[in-house]
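Student: with the sequence up front, the predicted model follows.
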Amino acid sequence: MAKTAPETIKLSPDLSSQELDQITLSKSQFTKGFIRFILCTAVAIFVFFTNLTIGGESQIVFGWIYNFFVDLLGNAGYWILTIIIGGNFLLHVYSRYIDKGKKSKKLYEHYRKEGIAQTFLYGLGTVYTVIYTLHTTTSFVGPEIIVGAATGESVFPPIVLGVLFIILVGALFMPFLLSYGAIEFIGALLEPLMRPLFKIPGKAALDATASFVSSSSLAVIITSRLYRQKVYTKREAVAVATCFSAVSIGFAYLVISTAGVAQHFTAIYLISFITAFIISAIVVRIPPISRKPDEYYDGTPQTEEERKADAHFDKDILRRGGGRAVKRAFVANPVPKDIAISLKEGLQVLPQVLTMLAAIGVSAMILAEYTPLFQWIGLVFQPLLQILQVPDAAAIAPSIPVGIAEMFLPVLLISEKAATLSESARCFLCIVSMVQIIFFSETGTVMLATKLPVKLHELIICFIERTLIAIPLAALAMHLFF
């Protein structure tokens, strides 16, 4: 009979891949782990990666589930948002400025690292949410600058309300994806590709896939949880979040069709996909990402052996990946316990994420709609577009920087005059907007709110880097294919 795990290694859900390699399961233990791995991975594949067509509409099962709750609650959902966001602001103020840990140490610890900037944003998010909720559910008429179609209406229903249920439903099903062997199996197979190209673990492929087929917010939340579980180092977590949290295929189609070039969807999406990976291979090697330390959430440094362990293809790669997956499934917590832990973590970050989305998302849209800020910034890009011979450079240049506010805005700004713009210029703009990735109405804000090790100014620098690299690549693709 096969020997059991060495006594020096305590079986626990927190074992690293290298520690998993050092244990040997008995036949019964292997069978239990194998069944867990197969069943839980099947659930994850069905929920996160399986398309389901109902009433002529097709989307992944995860989308059907969280949209079911959005539709079920209707306008009541906005009152739930108001309670959560308003409650977050009041608890923040109470713990930071009134109680200061005297009566509630746990509450104070939760908000301890937040300062006056968070106080302002939490208050602003609460004001926006209360006004939009009253406007939507009562006879109260809110100011157009907050509740208008280009501001609050484009942030609250699709993003803030959507993310509420993305986090809750995601927390319910994420353990099936993250805790029972799927990331070990995928990670072992893709480590030799992801590590040399992008300097990140093969496990990051799951984040990217979840982003492409479901939600970029979900991908950031997955990255945040894996970072806290010490799967990613600080550098790896920032690299994965800022480079691989792309918009879903469904949203990409909406962007491309709004620009009036739906007939080129396949070509534009494939070019964007390839461009995003080229950009990622570059930005992970330059600051600010390259300067992030290779240490885990608890401060433990990553060793050179850990980085090089699986960064090569060999004949045992399938066996190693399968073995790790089964062992991970065996040492994992029982499914109900892991779901409870996941829900607790989701509920802990939910108030801050929603509040920051409301505050930053609406504010960014107000700046884009009611001020010339992005048009002024767009003037910087105009000479570059002219050098690269992009048609209608003056018309589309202001749309490029506005992507930092909301990924959909660049094409939305040119949609009314799309018929007068060159088709190749519209294709160029679609490609650039889809590979910028960081936008503060959603992904950028979720990165900050989930406390990934990245600062606001670093996200802005990453956005600028991605945009400047994307422009010549998109221009080249435009000249070759459109």
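Tutor: Great, that's in hand. Just so it is clear, the structure is predicted and the values come from calculations on it, not from any experiment.

Student: where does pLDDT dip in the stretch 201-350 of the chain?
Tutor: Scanning the stretch 201-350 of the chain for pLDDT under 70 picks out the ranges 206-215, 248-250, 309-314.

Student: skipping adjacent residues, who's closest to the spatially most central residue of the chain in space?
Tutor: Centroid-nearest residue in the chain, with C-alpha atoms, centre = their mean: Val220, separated by 2.8 Å. Spatially, and ignoring its direct neighbours in sequence, Val220 is nearest to Val446 (4.5 Å; C-beta to C-beta, 6 or more residues apart in numbering). Glycine gets a C-beta too; all of them are placed from N, C-alpha and C.

Student: show the contacting residues for that neighbour.
Tutor: By C-beta atoms under 8 Å, 6 or more residues apart in numbering, the contact set of Val446 is 163, 217, 220-221, 353, 356-357.

Student: thinking Pro398 is in contact with Gly378, fair?
Tutor: Yes: the pair Pro398 / Gly378 is scored as a contact, 3.3 Å apart, by C-beta atoms under 8 Å.

Student: ok, back up a step: now do the residue nearest to Val220 against Lys344, distance only.
Tutor: Plainly put, Val446 is 18 Å away from Lys344 if you go by C-beta to C-beta, to the nearest Å.

Student: check which residues of the lengthiest helix in the chain are buried.
Tutor: Secondary structure of the chain read by DSSP state H shows that its longest helix is helix 335-370. Under the neighbour-count criterion of 16 or more other C-beta atoms under 10 Å, helix 335-370 has 335, 338-339, 341-343, 345-346, 349-369 buried.

Student: next: stretch 140-152.
Tutor: Residues 142, 146-148, 150-152 are the ones in stretch 140-152 that count as buried (16+ other C-beta under 10 Å).

Student: pick out the most distant pair among those.
Tutor: Gly142 and Ala150 (13.9 Å; C-beta to C-beta).

Student: the nearest residue to Ala358 once chain neighbours are set aside sits in which helix or strand?
Tutor: Distance criterion C-beta to C-beta, 6+ apart; nearest residue to Ala358, sequence neighbours excluded, is Gly125 at 3.9 Å. Taking DSSP states H and E as the criterion, the element that holds Gly125 is helix 116-137.

Student: buried stuff in that helix?
Tutor: Of the residues in helix 116-137, 118-119, 121-136 count as buried by neighbour count, 16+ other C-beta under 10 Å.

Student: which residues touch Ser415?
Tutor: Applying C-beta under 8 Å, 6+ apart, we find Ser415 in contact with 258-260.

Student: what would those look like in CSV with distance to Phe330?
Tutor: Shown next, in CSV, are the contacts of Ser415 (distance: C-beta to C-beta, whole Å):
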residue, distance to Phe330
Thr258, 48
Ala259, 50
Gly260, 53
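
Student: show the buried residues in the residues you listed.
Tutor: Neighbour counting over the contacts of Ser415 (16+ other C-beta under 10 Å) leaves 258-260 as the buried ones.

Student: give the burial count for His426, as a bare number.
Tutor: For the record, residue 426 is Arg, not His. By other C-beta atoms under 10 Å, the residues close to Arg426 number 27.

Student: whoops, I mixed them up, Gly299
Tutor: Other residues lying near Gly299 total 8 when counted by other C-beta under 10 Å.

Student: by contact count, what packs against the helix or strand containing Val240?
Tutor: Per DSSP H and E, Val240 falls inside helix 234-244. Counting contacts by 3 or more C-beta pairs under 8 Å, 6 or more residues apart in numbering; DSSP states H and E, helix 234-244 packs against helix 204-213, helix 216-228, helix 265-283, helix 443-449, helix 456-481.

Student: how about a cut-off of 7 Å?
Tutor: Helices and strands in packing contact with helix 234-244 are listed as helix 204-213, helix 216-228, helix 265-283; criterion 3 or more C-beta pairs under 7 Å, 6 or more residues apart in numbering; DSSP states H and E.

Student: so what touches stretch 145-158?
Tutor: With C-beta atoms under 7 Å, 6 or more residues apart in numbering as the test, stretch 145-158 has contacts from 128, 131-132, 135, 361-362, 365-366, 369-370, 406, 441.
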